[in-house]
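J.: Whatever this is, show me its structure:
(one chain, ligands or ions: 2)
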Amino acid sequence: MSTRGSCPAVDFSGALLGGLAPDGGLYVPEEWPSVDVHPSVERYTDVAVDVLSPYVAPDLGRDELRAMVEEAYATFTHDEVCPVRPLEDGLWLLELYWGPTLAFKDVALQLVGRLFDRELARRDERATILVATSGDTGSAAIEACRGRDRLDIVVLHPAGRVSEVQRRQMTTVDAPNVHNVAVDGDFDACQDLVKASFADADLRRDLRLSAMNSINWARVMSQVVYYVTAAAAVAPDGPVSFAVPTGNFGNVLAGWVAAQGGVDVDRLIVGTNRNDIVTRWIDTGVMTTEGVEPTLSPSMDIQFSSNVERYLWELYGRNGSVVAEAMGELRQRGRLDIGTARMERVRRMFAAASVDDAGTLAEIRRVHEETGRLVDPHTAVGVAAARAVPRDASVPCVVLSTAHPAKFPDAVEEATGVRPPLPAHLADLLDRPERVESLPDDPAVLADHLRATLGA
Ligand SMILES: Cc1ncc(COP(=O)(O)O)c(C=O)c1O
Ligand SMILES: N[C@@H](CCOP(=O)(O)O)C(=O)O
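T.: Numbering: from 1, shown residues only. Ligands and ions are numbered 1, 2, ... in the order given. Next up is the predicted model:
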């Protein structure tokens with residue numbers, strides 16, 4: 001069903017292919033299935049099948065799901081898929097960057113690409129994936145779609161606001177179904193262009209538009225699994241907290257979904273960079289949108305965190321019209337006050353801290369000096385947030401390490417003097433030719449470009 005409640009409910013495949021609900025809301029499942037698994041004795045892929053089966057049933061049976069899950073995570077270069085390692089007293093790192101593009105987006109998108117392929121083949125249809133990226137979703141989505149017969153993918157990135165490695169991971173992919181656009185604007189402009197394209201009914205129909213950002217429920221769903229495996233690894237009998245570097249709120253929302261399913265989560269700690277809308281919301285109770293500034297953690301340079309809407313839907317008692325009104329108010333007035341009682345509920349689960357660039361560099365340096373580990377700037381924001389927020393010392397805290405340090409070599413080198421090398425499969429990335437179009441931040445120009453490029 002949609003968070004805005006004014007369009008018909010769909011099954012899992014409908015939500016997968018639809019991406020964004022026709023009323024502008026986000027798809028959510030009717031219930032949060034309980035996480036009834038024994039992850040401490042199971043492989044990651046076994047847990048994935050157990051956790052995801054109730055969400056995809058009856059569209060997809062366990063055996064078919066298992067085959068896709070096994071294939072998806074065979075692309076990862078670590079046997080444990082998402083290993084969790086001790087970092088320092090009470091803190092653990094959940095390494096989510098062993099997929100093909102070195103960021104946590106691969107965990108969901110390697111599976112989601114296969115889910116699309118299977119459903120499109122079953123329907124004998126094609127789709128166009130339209131993606132907005134602040135750096136990582138783009139390459140992970142491209143990697144999930146490249147060479148697939150039934151998919152075209154168009155990725156919008158904010159010109160000059162992603163790291164060179166991130167940009168090249170997208171623009172050097174030479175596949176006929178992959179198209180990159182550098183937009184003259186920030187990530188929010190790209191995300192708004194995606195939403196405007198979905199709101200254009202003719203364009204949506206003609207191109208059969210779909211999404212691979214975390215507005216697509218399948219993305220969030222796939223991320224629930226690693227919260228389950230990490231909780232089992234670190235605290236099989238007791239509560240655990242998670243610290244999550246946050247932009248679009250999709251990753252931390254998956255942690256909240258895991259908690260709804262019965263994972264014993266004490267706190268979800270949100271880490272933001274200088275673009276700290278979510279942290280200010282949790283601290284003050286009022287969400288106010290402002291401009292976005294470029295930072296050393298560019299993937300989190302986001303103003304409007306789309307997935308907050310899924311959480312507000314539950315907070316507002318699943319009342320779609322109230323959610324629609326609240327989102328309208330936030331859009332039009334740039335301000336949303338959810339009231340004291342609801343804010344108390346938010347704070348029972350969520351805490352937050354924000355870290356500026358100097359703090360991010362200091363944290364990368366400190367972690368390296370004290371543990372010998374290199375962490376990327378996004379992970380550093382997560383570690384810093386975990387250390388800044390008052391926590392129960394008896395509860396372990398897992399920090400989600402969302403990107404490989406080699407994706408952000410300049411920041412890591414500035415902080416530590418060590419330049420992390422790219423893995424072998426990307427070693428010649430900086431020498432490969434790039435293919436990218438530049439466009440203004442204008443939905444009409446984008447619509448013409450999409451029609452011309454895709455022949456629709
Ligand atoms: C490396 C990295 N860390 C953190 C985030 C923020 O995650 P989310 O947008 O799900 O909050 C992103 C982008 O989404 C990212 O690419
Ligand atoms: N941070 C993302 C952009 C938006 O997030 P998503 O989770 O909705 O795809 C990126 O790096 O591209």
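J.: which SS class is the nearest residue to residue 263 once chain neighbours are set aside?
T.: Ranked by Cβ to Cβ, 6 or more residues apart in numbering and with sequence neighbours excluded, the top spatial neighbour of residue 263 is residue 231, at 5.0 Å. Heads up, the C-betas are built off the backbone N, CA and C, glycines and all. Put simply, residue 231 is helix when judged by DSSP: H, G, I helix; E, B strand; the rest coil.
J.: ok, residue 231 to ligand 1 distance?
T.: Residue 231 sits 18 Å away from ligand 1, going by Cβ to the nearest ligand atom, to the nearest Å.
J.: thought that residue was touching residue 262?
T.: No. The criterion here is Cβ atoms under 8 Å, and residue 231 misses it with residue 262 at 10.1 Å.
J.: What mean pLDDT does stretch 410-426 get?
T.: The predicted model gives stretch 410-426 an average pLDDT of 95.
J.: Can you pick out the residue with more neighbours from residue 231 and residue 262?
T.: residue 231 (28 against 14; other Cβ atoms under 10 Å).
J.: Look up how far residue 92 lies from the more buried one.
T.: The spacing between residue 231 and residue 92, counted by Cβ to Cβ, to the nearest Å, is 11 Å.
J.: How about residue 431?
T.: Residue 431 is 37 Å from residue 92, where distance means Cβ to Cβ.
J.: who's more crowded, these two?
T.: Taking neighbours as other Cβ under 10 Å, residue 431 and residue 92 compare with residue 92 leading, 24 against 8.
J.: hang on, the earlier thing: for residue 231 and residue 92, list the residues in contact with both.
T.: residue 398 (Cβ atoms under 8 Å, 6 or more residues apart in numbering).
J.: Which residue comes closest to residue 166 once chain neighbours are left out?
T.: In this structure, residue 166 finds its nearest non-sequential neighbour in residue 135, 3.9 Å apart by Cβ to Cβ, 6+ apart.
J.: Check the secondary structure at that neighbour for me.
T.: Applying three-state DSSP: residue 135 is coil.
J.: That one and residue 10, how far apart?
T.: Counting by Cβ to Cβ - residue 135 and residue 10 are separated by 30 Å.
J.: So which of the two has more stuff around it?
T.: residue 135 (29 against 17).
J.: Is the more buried one in contact with residue 164, as I believe?
T.: No. At 10.5 Å, residue 135 does not count as touching residue 164 under the criterion of Cβ under 8 Å.
J.: Check whether residue 92 sits in a helix, strand or coil.
T.: Residue 92 ends up strand, using three-state DSSP.
J.: hang on, it packs against residue 86?
T.: Yes. Using Cβ under 8 Å, residue 92 is in contact with residue 86, at 5.6 Å.
J.: Could you give the number of residues near the closest residue to residue 254 other than its chain neighbours?
T.: Among residues not flanking residue 254 along the chain, residue 223 sits closest, at 3.5 Å (Cβ to Cβ, 6+ apart). The burial count assigned to residue 223 is 25, neighbours taken as other Cβ under 10 Å.
J.: Likewise for residue 284?
T.: 11.
J.: which residues sit in contact with the residue of the stretch 1-150 of the chain at minimum distance from ligand 1?
T.: In the stretch 1-150 of the chain, no residue comes nearer to ligand 1 than residue 136, which is 3.3 Å away by Cβ to the nearest ligand atom. Listed by Cβ under 8 Å, 6+ apart, the contact partners of residue 136 are 101, 103, 104, 105, 166, 299, 402, 403, 407.
J.: hmm, try it at 10 Å
T.: Counting by Cβ atoms under 10 Å, 6 or more residues apart in numbering, residue 136 touches 97, 101-106, 109, 162-163, 166, 169-170, 247, 298-300, 378, 402-403, 407.
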